[in-house]
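Peer 1: I'd like to go over a predicted model; first the sequence, then the structure.
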Amino acid sequence: MVQQEALAAVLSDFARTLATDFPIQGILDHLVERIVDVLPITAAGVTLIRPDENPQYIAASNADALRFEQMQTEFDEGPCLDAYRTGEAVAVPDLATDRRFGLFGPPAVAAGLAAVFTFPLRSAGGRLGALDLYRDAPGELAAEDLEAAQTLADVAAAYLLNAQARDEASSASDRFRHIALHDPLTGLPNRLLLQQRLEHLALRGSRTHAMAAILFADLDGFKRVNDTHGHQVGDQLLLAVAQRLTHLIRPGDTLCRYAGDEFVFLCEDVQTQADAEQLATRIDAAFSHPFQLDEFLELTVTASIGMAFAGPGEDITDQLLVEADTAMYQAKRRGGAAHQLIDLREASAAAIRRDMEIDLRAAMERGQLALAYQPIVRTADCLVTGVEALLRWCHPERGQVDADTAIRLAEGSGQISKIGSWVLMQACRDHATWSCRGGRPDLAVNVSPRQLMEPAFLSTVTNVVTRAKMNPASLILEITENVLIDDLARATTVLDDLRTLGIRIALDDFGTGYSSLSYLRQLPIDIVKIDQSFVADIGRTPSGSAMISAVTDLAHLVGLTVVAEGVETQQQRDIVLAAGCELAQGYFYAHPQPASTIALQHDRYFTTPLRLTDTATTTAGS
Ligand code: C2E
Ligand code: MG
Ligand code: MG
């Protein structure tokens with residue numbers, strides 16, 4: 001007969017041990033061990049059963065019990081399975097005489113089993129399995145013992161349910177984790193997992209001086225595949241590439257789909273740079289034969305591969321990835337279909353450019369952008385007819401950044417419309433303050449090709465001019481020949497529209513670009529600005545002055561006004577005047593000035609002729 005205290009001790013023991021995340025196997029082992037102490041039996045076992053699955057998690061207090069459990073599973077017959085299937089306890093006080101178990105009974109008796117008592121592990125929705133008590137002598141168990149056994153079985157079942165739910169939750173979270181860290185198309189690790197592996201490697205590297213290499217592969221012309229064959233074929237190609245690349249990795253390496261058509265190899269424990277080179281050569285080779293996408297479609301695609309390497313003792317950081325990416329772009333710029341180790345000199349120039357693009361983004365808000373104005377004068381009497389607005393960027397560390405650089409950065413980083421609009425708005429505002437004091441000068445504003453081609457350009461100009469209450473006839477937009485080369489038809493339409501508003505168009509830096517004289521006849525322009533390099537040639541080359549005369553004559557022939565740029569000396573001024581250029585601009589007359597200077601010296605600039613002697617003191621802002 002079971003001692004009530006002994007049972008209570010087992011139950012509280014259960015409660016203590018199993019309250020936390022004890023594993024299922026541990027729960028069962030614990031149950032069978034303790035039950036043998038409490039009840040008059042020789043061994044105990046548990047089998048867990050799930051519908052449509054083989055019985056599992058067999059726990060046993062000794063080898064005999066384990067055998068009896070396994071025998072019932074093998075024969076698919078026995079008191080254990082009956083208890084599970086019926087949900088009722090099954091008592092077999094004398095197995096030798098019992099006729100219910102024709103398969104299990106005889107071998108079990110031969111193995112020394114005399115009596116079996118089994119109890120279902122009950123749960124609300126059914127059974128989880130059964131608890132089996134074994135004795136080596138026949139005989140009944142007392143009613144209290146049977147009751148105690150069922151109580152233990154019920155308690156164990158409750159804990160098992162808990163543990164199963166925990167297991168399921170954790171395997172679900174494993175599944176979610178897998179989804180979060182892998183690319184759904186190719187099944188390869190994604191960028192996040194690569195990042196984690198890289199961090200892990202960085203930690204390990206700092207302890208073990210491990211070396212690592214990153215190879216960044218980007219397909220050449222993948223966009224064309226998508227555009228020509230559609231995204232579905234694009235996806236098929238990516239999958240085929242992923243499969244081919246997977247064959248190249250060694251144990252411990254990570255191949256990840258980093259983004260669209262970018263794949264990254266993270267190679268841990270490379271011994272020398274040559275190891276990484278070898279892999280790169282194998283990747284090159286992997287793209288040397290076509291990808292068979294289906295019965296009818298075969299595509300050939302190459303990849304540009306960038307490599308970066310962290311040698312012994314060097315930190316393994318994100319920077320390695322950035323360097324491999326940069327090297328990949330270097331490979332692309334050199335024509336693609338090859339691999340390339342990072343060229344640090346080129347890379348540092350690219351890094352500086354990237355930094356400056358970021359700085360430029362903040363420059364406007366931080367008041368680092370300004371405009372300088374350079375007078376444009378009439379060559380005949382030195383009277384100022386207008387000013388040209390020129391961008392100035394005062395960088396907090398680099399000082400003055402020249403306008404050409406600032407504009408190139410703005411164009412390259414998609415900031416040109418924002419900055420161009422600001423220039424136009426600020427220039428029109430400044431112009432309004434001078435105009436209200438008389439002497440209405442023209443305002444010339446430079447417009448970059450990209451800016452002119454923006455769909456919203458015309459409406460931006462209209463808005464700004466209207467808001468500044470400016471007479472459009474005072475505004476001159478300066479464009480360069482590049483814009484005409486890119487898309488002549490569209491540029492012509494935009495220029496026509498601007499001229500319809502009354503705005504004039506000047507062709508800037510004439511002579512430096514394509515310089516087709518026939519443009520001068522065809523284009524909707526009003527003014528030609530002869531580039532300063534021609535003016536600089538005056539007196540230096542015999543043809544210097546002749547060129548200026550020729551261009552000026554031709555421009556006049558088609559009704560254009562001519563401005564000579566970069567006039568620095570008296571001789572140059574005399575020649576451009578003699579050549580018939582109506583207007584001129586250059587240090588001979590005035591350097592570009594801050595808006596405040598022009599406002600302060602309004603009368604000097606706009607009502608009296610600008611003289612050579614005046615310019616000596618006015619060099620700020622140039
Ligand atoms: P640009 O439109 O041909 O402007 C004339 C450039 O020549 C200015 O350089 C001016 O400072 C310089 N300059 C003027 N007189 C002389 C001279 O006598 N001798 C010499 N050597 N140079 C002289 P800056 O300000 O550096 O501007 C360079 C270029 O940057 C401009 O050439 C223009 O193409 C572009 N740029 C300037 N501001 C803007 C802007 O707001 N928007 C756009 N899209 N481009 C701009
Ligand atoms: Mg200009
Ligand atoms: Mg120019």
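Peer 2: Looks like it came in fine. Ligands and ions are numbered 1, 2, ... in the order given.

Peer 1: any idea how far Leu181 is from whichever residue of the stretch 151-300 of the chain sits closest to ligand 2?
Peer 2: Per C-beta to the ion, the residue of the stretch 151-300 of the chain with the smallest distance to ligand 2 is Lys223, at 35.6 Å. C-betas here are computed from N, CA, C, even on glycine. The spacing between Lys223 and Leu181, counted by C-beta to C-beta, to the nearest Å, is 27 Å.

Peer 1: compare those two (neighbour count), which wins?
Peer 2: Taking other C-beta atoms under 10 Å, Lys223 and Leu181 do not tie; Leu181 has more neighbours (17 against 12).

Peer 1: ok, for that one, nearest residue in space, not its chain neighbours?
Peer 2: Leu193 (4.0 Å; C-beta to C-beta, 6 or more residues apart in numbering).

Peer 1: cool, Val10 as well?
Peer 2: In space, Val10 is closest to Arg34, 4.8 Å off (C-beta to C-beta, 6+ apart).

Peer 1: not counting sequence-adjacent ones, nearest residue to the residue in the stretch 251-400 of the chain that ligand 3 sits nearest to?
Peer 2: Of all residues in the stretch 251-400 of the chain, Glu388 sits closest to ligand 3, at 8.4 Å by C-beta to the ion. Of all residues not flanking Glu388 in the chain, Ala444 sits nearest, at 4.1 Å (C-beta to C-beta, 6+ apart).

Peer 1: which residues of the stretch 351-500 of the chain fall in helices?
Peer 2: All helices of the stretch 351-500 of the chain, identified by DSSP state H, counting those that start in this stretch, fall at 403-412, 416-435, 449-453, 457-467, 482-486, 488-500.

Peer 1: now do the last one, average pLDDT.
Peer 2: What that stands for is helix 488-500. Helix 488-500 carries an average pLDDT of 92.

Peer 1: sheet partners, orientation included, of the very next helix or strand once past it?
Peer 2: Downstream of helix 488-500, the first helix or strand assigned by DSSP states H and E is strand 504-510. With DSSP bridges as the criterion, the sheet partners recorded for strand 504-510 are strand 475-479 (parallel), strand 527-530 (parallel).

Peer 1: can you tell if the longest one touches ligand 2?
Peer 2: Yes: contact between strand 475-479 and ligand 2 is present through Glu478 (criterion: C-beta under 5 Å from the ion).

Peer 1: just the buried positions in that strand, please.
Peer 2: Buried residues in strand 475-479, defined by neighbour count with 16 or more other C-beta atoms under 10 Å: 475-479.

Peer 1: what about Leu557, how many neighbours?
Peer 2: By the measure other C-beta under 10 Å, the count of residues near Leu557 is 11.

Peer 1: any idea how far it is from Arg504?
Peer 2: 19 Å.

Peer 1: residues touching the one helix or strand Thr47 maps to, excluding its own?
Peer 2: Thr47 belongs to strand 43-48 when assigned by DSSP H and E. Under the contact criterion C-beta atoms under 8 Å, 6 or more residues apart in numbering, strand 43-48 has outside partners 24, 28, 31-32, 35-36, 55-62, 64-66, 68-69, 72-73, 80, 84, 121, 128-134, 156, 160.

Peer 1: check stretch 151-166 too.
Peer 2: Contacts of stretch 151-166 (C-beta under 8 Å, 6+ apart): 7, 10-11, 14, 18, 21-24, 27-28, 31, 34-35, 38, 46, 48, 119-123, 128, 130-131.

Peer 1: for the stretch 351-500 of the chain, what lies in contact range of ligand 2?
Peer 2: 446, 478.

Peer 1: sorry, back to before: so which of the contacts of stretch 151-166 are in helices?
Peer 2: Residues of those located in helices (DSSP state H): 7, 10-11, 14, 18, 24, 27-28, 31, 34-35, 38.

Peer 1: list the beta-bridge partners for Gly399.
Peer 2: Residues in beta-bridge contact with Gly399 (DSSP bridges): His395.
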